[in-house]
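# Mind looking at a prediction? Sequence and model below.
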Amino acid sequence: MTPPPVRVDHLITSGTFSLDGGTWEVDNNVWLIGDDHEVYVIDAAHDADAIADAVGDRRLLGIISTHGHDDHIDAAPALADRTGAPILLHPEDEVLWRMRHPDRAPDKPLADGDVLTVAGTQLRVLHTPGHSPGAVCLHAPTLTTVFSGDTLFQGGPGATGRSYSSFPTIVESIRERLLTLPPETVVRTGHGDSTTIGDEAPHLEEWIARGH
């Protein structure tokens, strides 16, 4: 079988995350999905120059924001201005977006069920609120991959202890939208190491019990 021409590239960038009066140092995963000709960037974090270098001479179809926390969107306007690519964000996270970029709105809304296509590969938008109201994941069935942003990590759900977040909501999102995916699905996260749906699914009740 001929392998698909599409590939996933991975970049780690470093910066800060600020919310509710606190600021923390963070390392973010930036994902690029495409082929030698066109690509999407998932989460333009911290370093527009490094992300543009990873894009290279490919056509950047869009900058997908899995959610509106500033560490996932801080480099998005600069990358958009440099490449002409639109910024995509679920409208329910525009309140978070405006905290970082009050004078620059996203270009296109993301909605549950939207399908984005790159290099013949479909990315389906899954609205997974909880970490933030407009958090989304991107499922690429033919690659057996889901890009989970900060909704699901190796070891549990994303944080829900800050404004605009909800632990019961993120658990419901993970249960209904992510753990229903095939167990071999690779979960490419917003921070840290990747995992699989099969590795995380058995621990759902543990997360609920400890209110992770």
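Great, that's in hand.

# Show me where this structure has its strands.
Using DSSP state E, the strands of the chain run over residues 7-19, 22-34, 38-42, 59-64, 87-89, 108-109, 115-118, 121-127, 136-140, 145-149, 152-153, 156-157, 186-189, 195-196.

# Please identify the deepest-packed of the ones you listed.
strand 145-149 (a mean of 28; mean count of other Cβ atoms under 10 Å). C-beta here means a position set from N, CA and C on the backbone, and glycine is covered the same way.

# Output it in PDB with nothing but the alpha carbons.
What follows is strand 145-149, C-alpha atoms only, in PDB (Å, rounded to 0.1, in the frame of the first residue of the first chain):
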ATOM      1  CA  THR A 145      -4.700  10.700  14.800                       C
ATOM      2  CA  VAL A 146      -6.500  13.300  16.900                       C
ATOM      3  CA  PHE A 147      -5.000  16.700  17.800                       C
ATOM      4  CA  SER A 148      -6.400  17.300  21.200                       C
ATOM      5  CA  GLY A 149      -5.100  20.700  22.200                       C
END
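
# now the angle from that strand to strand 7-19?
Using axes from the mean of the first three to the mean of the last three Cα atoms, to 10 degrees, the interaxial angle of strand 145-149 with respect to strand 7-19 works out to 20 degrees.

# chain center to strand 145-149, what's the gap?
Relative to its chain's centre, strand 145-149 lies at 6 Å (Cα atoms, centre = their mean, to the nearest Å).

# For that strand, name the packing helices and strands.
Packed against strand 145-149 by the contact rule (3 or more Cβ pairs under 8 Å, 6 or more residues apart in numbering; DSSP states H and E) you find strand 136-140, strand 186-189.

# Note down every partner strand of it and its orientation.
For strand 145-149, sheet partners with direction are given as strand 136-140 (antiparallel), strand 186-189 (parallel), following DSSP bridges.

# by how many degrees do it and strand 22-34 diverge?
Using the same axes, to 10 degrees: strand 145-149 against strand 22-34 is 160 degrees.

# List of residues touching strand 145-149?
Around strand 145-149, the neighbours that count as contacts under Cβ atoms under 8 Å, 6 or more residues apart in numbering are 8, 31, 33, 42-43, 66-67, 72, 123, 126, 128, 131, 135-140, 158, 178, 181, 185-190, 197.

# same check, this time on stretch 15-29
When contacts are taken as Cβ under 8 Å, 6+ apart, the neighbours of stretch 15-29 outside the stretch itself are 10-14, 43, 45-47, 69-72, 74, 99, 162-163, 188-192.
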